[in-house]
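Participant: Would you be able to build a 3D model of this:
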Amino acid sequence: MRIGVDVSPLVGNLTGIGRYTHEVLKRLIESGHEWFLYSHDHIDANYTERTNVHLRLVKTFRFLPRIVSVQTTIPLQANLDKVDLFWSPTHRLPTLLSKKIARVLTIHDLVWKRAGETMRPLNRFLDATLMPEGIRIADRIIAVSEHTAFDLKTEFPTSRHKIRTIPLGVSSPFTAAPRESLASMGLTGQYFLFVGTLEPRKNLGRLISAFSALPQRLREQVCLVIAGGDGWGGVNVASIAERFGVERNIRVLGYVSEEQLATLYSHALFLAMPSLYEGFGLPLLEAMARGIPVLASDCSSMPEVVGNAGVLVDPHDVSSIVKGLVEILENGARRSELSKLALLNASRFSWDKAAKETLEVFEDAIEIRKKLVGF
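Facilitator: Okay, here's the model as predicted:
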């Protein structure tokens with residue numbers, strides 16, 4: 001097969017969709033076939049040097065948004081490369097692909113529909129405009145969780161037959177450094193961890209409010225560590241922490257390397273992720289794979305990912321978050337129990353399995369496309 005892939009999520013620092021694209025793609029490439037990777041900029045991935053991989057840097061235009069250029073230059077290049085299938089791992093498909101090219105689209109979430117007020121307005125507009133069209137023209141759609149699949153079937157019932165659920169996986173390529181190494185980040189005592197881009201959907205305001213409402217003896221024993229790059233929406237952690245009087249007990253690290261993140265996960269008491277909406281919630285799985293308990297929201301995909309290995313809270317109710325924090329912080333036996341359950345739960349998820357099932361979807365999509373165009 002000649003397979004084209006939009007690898008724009010791999011440009012720059014990897015976040016959730018970038019991590020998904022990287023982990024699945026590197027395994028797919030190892031399976032053989034010929035791969036054409038389309039990007040607006042260079043990507044840092046050693047598999048681009050393999051003989052069966054061709055990196056195409058497509059032209060973008062300064063006076064147009066990148067998405068407009070991608071909708072035009074990528075499909076033109078894919079048509080010239082005569083790919084059999086085009087895969088977009090990020091919500092949108094080029095509309096100008098040759099009718100002979102099969103197309104597969106991965107949908108991670110429907111934030112624009114379920115929690116649109118938490119999105120950057122431009123991104124909300126693009127998803128609301130381009131995702132439905134991508135769903136319409138796709139031969140197969142990959143949903144990263146059963147909840148995302150349910151949302152898709154609810155919003156786009158005529159596309160139910162196209163949808164296949166393939167959960168994300170987890171990998172731990174980096175060994176955690178000793179706890180002493182955290183001193184370079186200003187961490188010397190016990191802490192719990194938040195990981196994610198700083199944006200309204202992550203619900204940091206309520207998490208910090210709940211932290212401030214803890215009994216003083218607990219609040220003084222532990223630090224809240226926030227790791228993640230700046231997003232949008234004016235989420236100023238320092239200002240929120242000062243408003244609630246807990247600035248001394250919060251550390252904001254910004255975007256951290258994968259090596260640093262492995263160390264942060266491994267020495268944390270637990271991960272706190274009371275998001276308003278998640279299509280999957282990869283940090284939950286990454287923490288559990290290292291035996292770290294999690295506190296997560298009782299909505300969207302998070303209960304599906306956490307299983308019985310965490311404490312679920314109502315993300316809209318600060319008192320519920322407080323109760324969850326107290327449950328994990330006060331009860332060492334409960335934390336130990338959750339740690340064992342976390343390792344067991346994380347073993348359900350595999351990037352190898354995700355890649356294998358993704359390749360099967362590709363093969364299926366090509367057969368469907370052949371029947372559609374009659375060759």
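
Participant: so where do the helices sit in the stretch 51-200 of the chain?
Facilitator: Using DSSP state H, counting those that start in this stretch, the helices of the stretch 51-200 of the chain run over 66-81, 111-114, 121-137, 146-155.

Participant: just the CA coordinates of the third one, formatted as CSV?
Facilitator: Once side chains and other backbone atoms are set aside, the C-alpha atoms of helix 121-137 remain, and they are given as CSV (Å, rounded to 0.1, in the frame of the first residue of the first chain):
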residue,chain,number,x,y,z
PRO,A,121,-12.9,30.5,18.9
LEU,A,122,-10.9,29.9,15.6
ASN,A,123,-10.4,26.2,16.4
ARG,A,124,-14.0,25.9,17.4
PHE,A,125,-15.1,27.4,14.0
LEU,A,126,-12.7,25.1,12.1
ASP,A,127,-13.8,22.0,13.8
ALA,A,128,-17.5,22.9,13.5
THR,A,129,-16.9,23.6,9.8
LEU,A,130,-14.4,21.0,8.7
MET,A,131,-15.1,18.0,10.9
PRO,A,132,-18.6,17.3,9.6
GLU,A,133,-17.3,17.4,6.1
GLY,A,134,-14.4,15.1,6.9
ILE,A,135,-16.8,12.7,8.5
ARG,A,136,-19.0,12.8,5.4
ILE,A,137,-16.2,12.0,2.9
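
Participant: what's near enough to touch Ala241?
Facilitator: For Ala241, the contacting residues are 208, 247, 250, by C-beta atoms under 8 Å, 6 or more residues apart in numbering. (Glycine included, C-beta is placed from N, CA and C.)

Participant: Quick check, Ser88 in contact with Thr106.
Facilitator: Yes - if you go by C-beta atoms under 8 Å, Ser88 and Thr106 touch, sitting 6.8 Å apart.

Participant: Quickly list what the residue found closest to Val361 once you drop the neighbours it is linked to in the chain is bridged to.
Facilitator: Nearest residue to Val361, sequence neighbours excluded (C-beta to C-beta, 6 or more residues apart in numbering): Arg140, at 5.0 Å. Bridge pairing for Arg140 (DSSP bridges) gives the partners Val104.

Participant: Write a ChimeraX command that selects only the buried members of the contacts of Ala241.
Facilitator: Buried subset of those, written as a ChimeraX selection, criterion 16 or more other C-beta atoms under 10 Å:
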select :208,250
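
Participant: and of the contacts of Ala241, the nearest to Arg334?
Facilitator: Ile208 (23.1 Å; C-beta to C-beta).

Participant: Pull up the gap between that closest one and Ala149, please.
Facilitator: 33 Å (C-beta to C-beta, to the nearest Å).

Participant: Among the contacts of Ala241, which lie within helices?
Facilitator: Ile208 (DSSP state H).

Participant: shaky segments in the stretch 151-300 of the chain?
Facilitator: Across the stretch 151-300 of the chain, residues meeting the criterion (pLDDT under 70) sit at 173.

Participant: which stretches of it form strands?
Facilitator: 163-165, 191-195, 223-227, 250-254, 271-273, 294-297 (DSSP state E, counting those that start in this stretch).

Participant: Output those strands as a markdown table; include the columns distance to Leu130.
Facilitator: Shown next, in a markdown table, are those (distance: least, C-beta to C-beta, whole Å):
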| stretch | distance to Leu130 |
| --- | --- |
| strand 163-165 | 18 |
| strand 191-195 | 28 |
| strand 223-227 | 31 |
| strand 250-254 | 30 |
| strand 271-273 | 28 |
| strand 294-297 | 27 |
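
Participant: Just tell me which of those strands ends up closest to Ser184.
Facilitator: Going by C-beta to C-beta, the one of the strands of the stretch 151-300 of the chain nearest Ser184 is strand 250-254, 10.8 Å.

Participant: Pull up the gap between Leu80 and Pro121, please.
Facilitator: Going from Leu80 to Pro121 by C-beta to C-beta gives 35 Å.

Participant: Now do the same contact list for the residue nearest to Val361.
Facilitator: By C-beta under 8 Å, 6+ apart, the neighbours of Arg140 are 104-105, 162, 164, 361-362, 364-365, 368.

Participant: Any of those buried? List them.
Facilitator: 104-105, 162, 164, 361-362, 365.

Participant: farthest-separated two in those residues?
Facilitator: Top of the distance list for the buried ones among the contacts of Arg140 (C-beta to C-beta): Lys162 and Phe362, 13.5 Å.

Participant: What's the local residue count around the residue lying closest to Ala342 once chain neighbours are set aside?
Facilitator: Spatially, and ignoring its direct neighbours in sequence, Ala342 is nearest to Met288 (3.8 Å; C-beta to C-beta, 6+ apart). For Met288, the tally of surrounding residues (other C-beta atoms under 10 Å) stands at 30.

Participant: my guess is Met288 contacts Ala309, does it?
Facilitator: Yes - in this structure, Met288 is within contact of Ala309 by C-beta under 8 Å, at 5.6 Å.

Participant: any shared contact partners between those two?
Facilitator: Contacts common to Met288 and Ala309, judged by C-beta under 8 Å, 6+ apart, are 294, 342, 345-346.
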